[in-house]
Each structure stands twice: as structure tokens, then as C-alpha cells.
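**Q** Task: produce atomic coordinates for the following.
(one chain, ligands or ions: 3)
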Amino acid sequence: MISFILLCSSVGCLENGKPGPSENSHLEGKHRAYTFQDNTFIEITPSSANPGTPVQTSFQDPPPIPGDLPSSWDMRNAIYTDLTGDGKPEIVLLVWRPWRDWPIMRWSKTPSPIAGFHDMDGDSCHIILIDPHPYEDTGATSASSRSYREIWAGSALPVPLIQIAAGDIDGDDANELIALEGTYTNGRDGAGNRMAVWRWNGFGFTMQWRSEQAECTGLALEDVNGDGIADIITW
Ligand SMILES: [Ca+2]
Ligand SMILES: [Ca+2]
Ligand SMILES: [Ca+2]
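**A** Ligands and ions are numbered 1, 2, ... in the order given. The predicted structure follows:
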């Protein structure tokens, strides 16, 4: 089952289940593709006779993103999907925002382990899950009174992300978070250099797989080998 809707990102907006702004597959041009087989990801070489097809979505009609997100947040991706496995979609945000230390470090005399997790502007990269319907619990009757509410927010990532996608890439009916990693040195607009797959563990995300180093600038999920399950494409 595939379920992701890319609401808005640095690479395109309102990509409702289609991993790019056009109907065409990303297999055109320079790309690499990976599929999950035998408990690992294997690079595959698609052919012109077997082009990738955009994956279908499960969650339609994404709600508007709450308008009161902090102005200091640079939202790079927003995905409407169920990553936590409870059957209810949340809004998954890829955010760069001003770095803050762990509160507990104010009592520590040792250097913070996350001290270097920021770019030249002092911004760090975070995955944040927010409630897509926060107003429903407040008694408000319309989305106009929406205010954002975090379900889960990760601390500064040691390796920042350039782009994220989500979908079930191993066919177990649970969605994974697929991330294009970059570097704080190159910043949020720099090229990516690895793909990583993360899975929700009940408290946060556990990395399941990480690709070899290979520079790329974007990712998408398409079914390349025709088995109905999304594969990862980078370019
Ligand atoms: Ca959920
Ligand atoms: Ca899965
Ligand atoms: Ca496939």
C-alpha cells in the first residue's frame, strides 16, 4: 500500500501522489533505482521497456497546513501520510529552524553532543509530525481556528535532509520514511549524497537502510519492476 501526498516542497507543490510535476516517469535521464528484495535494497536498472509508474496514494484531500507554524521554520517538505502505523495520517514536516540545544544541557559542564548539528546560518534540520486536525479536539468548528500541535518532534539531525518521501517500499502495509541526506556544510539547497530509509518504532524513527554515497538532487517513489510496490528512484 502506498500512501503519500506531497503537499509542498522545494522541488514542487501539490504532487498528489505523483512524484513529480509531470506525468512522466523520473526514469528519464540520469537516475538510480532501488528495490527491496531478500531483506535488503538492491539497485536495479530499469529499461525503456519497463518504465517506472507513479505510485497510487491512499490518503486524499490533505488538510491545510496550520497557519501558525513559527515564522523561523523553513518548511522544506510536508507529507500527509500515516507513518506511525495507527491508521490515521499525520502531517510529516521536514523543517530547518534555528538550532537549540537540549534543555538538559544547561546543567551540563560537558559540550553538547548536538553542538555541531547546524548550518552556517545556525539552522538545524528536523523531522516533525503534527496533528492534521488539531481543531477537532478544541471544540472549534472550522479550520480557520487551526493551530498547529506537534505529535512528535525530533531533535537536530546529525545528518541533515534535503528531501523526504513516504510510502510502503517493502510491501508490509506499513509506510517508511525515505530521506535524501545532505550535509550542513552544503546546506539545505545543496545536493544530497545518500538515501536513507527510516521506520517508526513507537517513540521515534529507526534507520533501516542507508545507500552508498552517490550524489543526487532528488528522489521519488515509483514502481520500477512492476510488482505493485514502490521502489526508490534518485536523480
Ligand atoms: Ca498515524
Ligand atoms: Ca513498509
Ligand atoms: Ca516495485
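**Q** What pLDDT is listed against A220?
**A** Listed pLDDT for A220 reads 89.
**Q** could I get the helix or strand harbouring it in CSV with only the CA atoms?
**A** Taking DSSP states H and E as the criterion, the element that holds A220 is strand 219-223. The C-alpha trace of strand 219-223 is given here as CSV (Å, rounded to 0.1, in the frame of the first residue of the first chain):
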residue,chain,number,x,y,z
LEU,A,219,14.1,11.3,-5.1
ALA,A,220,10.7,9.8,-5.9
LEU,A,221,8.8,6.6,-5.3
GLU,A,222,7.8,4.7,-8.4
ASP,A,223,7.1,1.1,-9.2
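**Q** which strands and helices sit next to it?
**A** strand 53-54, strand 161-167, strand 176-181, strand 231-234 (3 or more CB pairs under 8 Å, 6 or more residues apart in numbering; DSSP states H and E). No exception for glycine: its C-beta is placed from N, CA and C like everyone else's.
**Q** Return the distance of the residue lying farthest from the centre of the chain relative to D101.
**A** The C-alpha centroid of the chain is most remote from K109, which lies 34.8 Å away (CA atoms, centre = their mean). Distance, K109 to D101, using CB to CB, to the nearest Å: 13 Å.
**Q** near ligand 2, which residues of the chain?
**A** Residues of the chain found near ligand 2 (CB under 5 Å from the ion) are 168, 170, 172, 174.
**Q** surely the second one meets R199?
**A** No. The pair formed by D170 and R199 falls short of the contact definition of CB atoms under 8 Å, at 9.3 Å.
**Q** which neighbours do the two share?
**A** By CB atoms under 8 Å, 6 or more residues apart in numbering, D170 and R199 have these common neighbours: E176.
**Q** element containing Y80?
**A** Assigned by DSSP H and E, Y80 falls in strand 74-81.
**Q** about what we covered before: what pairs with the strand holding A220, parallel or antiparallel?
**A** strand 53-54 (antiparallel), strand 231-234 (antiparallel) (DSSP bridges).
**Q** low pLDDT regions in this protein?
**A** Low-confidence segments of the chain, defined by pLDDT under 70: 1-30, 46-52, 56-58, 135-146.
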